[in-house]
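>>> Below is the structure, and that's it, no one-letter string:
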């Protein structure tokens, strides 16, 4: 019998034996962590069977390459859930499965939990977590065959993952520690990428957060109130393009704005702006959706802004809690009108130490009836006023009236500030230029010499 015939006869039997061996493992495209780590003693450790190959390292070393597709036999994978807890299994040809959902208590008795967003314990089969704040991985993995533990935060430097505000989130680096030596999560740790560019990374294009309107009182005071910035961040994966849809109803049909597919890795779009011709209306409620494309030009679903999930409402909070009674979690509301325009003068212009100087507000505000025109004068009883001086020793007659007087007791150069709050509680502030505070000059009298 020829060798190739023997190979084809052995393949079905090999497949049957291997699939029986691996049938308890978890896998693969449903898991969002993949790549290879490396240990000097035991070689490479696969975090997802999608990264296995038949001609080199995984799942076994055969005398002849069978060109077995990834995951056909060695179905395994590691996953990071929305609570930032790890689960699943990695695989080493030498060590076997390494479990991140172990049911045994780790050596530190879950002391790493102080660094976890959600608690890890035996009941939820969690032994490792990721901390977004310091970008470190904490906890343990366990070699199933002999029970040895791998401490993820025990290497030097410890295991980290670039966080969700990074242009390319989800790349692991650093080391884990074990009784059989350090485990490297990225070839950049020791500058060995020239020989083999291995790493562990969060490979799936997943959304972490959407936020709106991202237009603060300060932004509205400095420019206009009718503006919104739509922002998002990814948990991992590569973004090659994006699209946003905005509507006044909970439907993507006939939207008020659809950006279409925009190439790029941007994580926000401003409306109105260079890529958005849409200008929000005053006092209007908006829904919005986001779609992303990965490096293979594969589109995600349309993600909807939802504060009960990944959505974050950033500004105009009072209006959203009161006005959006139909869909308070799915929408954001714009400001009712333009913000007040604070302005003041003073008299006399030459300010003297110890003398009283009048400061007079000439500020204006807008209303729902006239959101950006027919500005009204701010007066006592309509607007709230707040005066302050940079020198705390200055004596302010009234800090809360439209007109006040200030006595400066030092000749320090200083500024005076005024904050205006209109009837809808929109607040803007302004400050004077640096003021020179002078002493009165002495009166000179010429005296005839004796």
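Arrived safely, thanks for sending. Please read all numbers here as calculations on a predicted model, not as lab measurements. Residues are numbered from 1 along each chain as shown.

>>> Now that residue 260 has come up, it's in contact with residue 242, right?
No: in this structure, residue 260 is not within contact of residue 242 by CB atoms under 8 Å, at 10.1 Å. Every residue, glycine included, has its C-beta placed from N, CA and C.

>>> Pick out whichever of these two has more residues nearby.
Using other CB atoms under 10 Å, the more surrounded residue of residue 260 and residue 242 is residue 242, with 23 against 9.

>>> name the element that one belongs to?
According to DSSP states H and E, residue 242 maps onto strand 241-247.

>>> Am I right that residue 113 is in a strand?
No: looking at residue 113 with DSSP: H, G, I helix; E, B strand; the rest coil, it is helix, so not inside a strand.

>>> That one: what's it in contact with?
119, 120, 121, 129 (CB atoms under 8 Å, 6 or more residues apart in numbering).

>>> what do you get for residue 149?
Residue 149 neighbours (CB under 8 Å, 6+ apart): 106, 107, 140, 141, 142, 143, 178.

>>> what are the ranges of the helices in the chain?
For the chain, applying DSSP state H gives helices covering 3-22, 217-222, 317-323.

>>> burial measure for residue 130, as a count.
28.

>>> Just to check, it is in contact with residue 153?
No: assessed by CB under 8 Å, residue 130 is found out of contact with residue 153, at 10.6 Å.

>>> what's the overlap in contacts for those two?
Common neighbours of residue 130 and residue 153 (CB under 8 Å, 6+ apart) are 136, 137, 138.

>>> and the second one, how many residues sit next to it?
The reference is to residue 137. When counting by other CB under 10 Å, one arrives at 25 neighbours for residue 137.

>>> distance of it from residue 423?
Going from residue 137 to residue 423 by CB to CB, to the nearest Å gives 52 Å.

>>> quick one: low-confidence ranges for the stretch 1-150 of the chain?
1-28, 53-70, 72-73 (pLDDT under 70).

>>> show me what contacts residue 266?
Residue 266 sits in contact with residue 242, where contact means CB under 8 Å, 6+ apart.

>>> Looking at it now. What's its pLDDT?
For residue 266, the pLDDT comes out at 95.

>>> list the contacts for residue 181?
Applying CB under 8 Å, 6+ apart, the residues near residue 181 are 39, 40, 41.

>>> nope, residue 221 is what I was after
Counted by CB under 8 Å, 6+ apart, residue 221 has contacts 339, 428, 429.

>>> Export these as JSON lines, with columns for neighbour count.
Below are the contacts of residue 221 laid out as JSON lines (neighbours: other CB atoms under 10 Å):
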{"residue": "339", "neighbour count": "23"}
{"residue": "428", "neighbour count": "21"}
{"residue": "429", "neighbour count": "16"}
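
>>> Could you export those as TSV, including distance to residue 89?
Output for those, formatted as TSV (distance: CB to CB, whole Å):
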residue	distance to residue 89
339	56
428	57
429	57
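
>>> so of those residues, which ones are in strands?
Of the contacts of residue 221, the ones assigned to strands by DSSP state E are 428, 429.

>>> of the contacts of residue 221, closest to residue 355?
Nearest to residue 355 among the contacts of residue 221 is residue 429, at 25.9 Å by CB to CB.

>>> Which residues does the closest one form beta bridges with?
Beta-bridge partners for residue 429, by DSSP bridges, are residue 419.

>>> neighbours of the nearest residue to residue 361 once chain neighbours are set aside, just the number please.
Using CB to CB, 6 or more residues apart in numbering and skipping residues adjacent in sequence, the residue nearest residue 361 is residue 402, 4.5 Å away. Neighbour count for residue 402, taken as other CB under 10 Å: 22.

>>> ok, now residue 42?
With other CB under 10 Å as criterion, residue 42 counts 16.

>>> What spatial separation is found between it and residue 200?
Counting by CB to CB, the gap from residue 42 to residue 200 is 16 Å.

>>> Could you measure from residue 261 over to residue 95?
44 Å.

>>> Mind checking which of the two has more residues around it?
More crowded of residue 261 and residue 95, by other CB under 10 Å: residue 95, with 21 against 12.

>>> roughly how far apart are the more buried one and residue 411?
Taken as CB to CB, the span from residue 95 to residue 411 is 77 Å.

>>> do residue 387 as well
20 Å.

>>> and stretch 216-233, which residues are buried?
By neighbour count on 16 or more other CB atoms under 10 Å, the buried set for stretch 216-233 is 217, 219-221, 225-233.

>>> got the contact list for residue 175?
155, 156, 157, 158, 159, 182, 183, 184, 185, 189.

>>> tell me which residues form a beta bridge with it?
residue 158, residue 184.

>>> quick one on the thing from earlier: which of the contacts of residue 181 count as buried?
Applying 16+ other CB under 10 Å to these, the neighbour count classes residue 39 as buried.

>>> closest to residue 392 among the contacts of residue 181?
residue 39 (62.5 Å).

>>> the more surrounded of residue 387 and residue 411?
A direct count of neighbours by other CB under 10 Å for residue 387 and residue 411 places residue 387 higher, at 23 against 14.

>>> Skipping adjacent residues, who's closest to that one in space?
residue 399 (4.7 Å).

>>> in the stretch 351-450 of the chain, which spans are strands?
351-352, 356-361, 364-365, 376-377, 384-389, 395-396, 403-407, 416-421, 427-431, 437-438 (DSSP state E, counting those that start in this stretch).

>>> Export these as a markdown table, with columns for mean pLDDT and distance to residue 86.
What follows is the strands of the stretch 351-450 of the chain, written out as a markdown table (pLDDT from 0 to 100; distance: least, CB to CB, whole Å):
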| stretch | mean pLDDT | distance to residue 86 |
| --- | --- | --- |
| strand 351-352 | 94 | 65 |
| strand 356-361 | 97 | 59 |
| strand 364-365 | 98 | 54 |
| strand 376-377 | 98 | 59 |
| strand 384-389 | 98 | 51 |
| strand 395-396 | 96 | 58 |
| strand 403-407 | 97 | 61 |
| strand 416-421 | 98 | 49 |
| strand 427-431 | 98 | 45 |
| strand 437-438 | 88 | 63 |
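
>>> closest to residue 170 out of those strands?
Taking the strands of the stretch 351-450 of the chain one by one with CB to CB, strand 427-431 is closest: 39.8 Å.

>>> and that closest one with strand 416-421, angle?
For strand 427-431 against strand 416-421, the angle by axes from the mean of the first three to the mean of the last three CA atoms, to 10 degrees is 170 degrees.

>>> Quick check: which helices or strands does strand 427-431 pack against?
helix 217-222, strand 416-421 (3 or more CB pairs under 8 Å, 6 or more residues apart in numbering; DSSP states H and E).

>>> one step back: can you list which of the contacts of residue 149 are found in strands?
Using DSSP E, the contacts of residue 149 in strands are 140, 141, 142, 143, 178.
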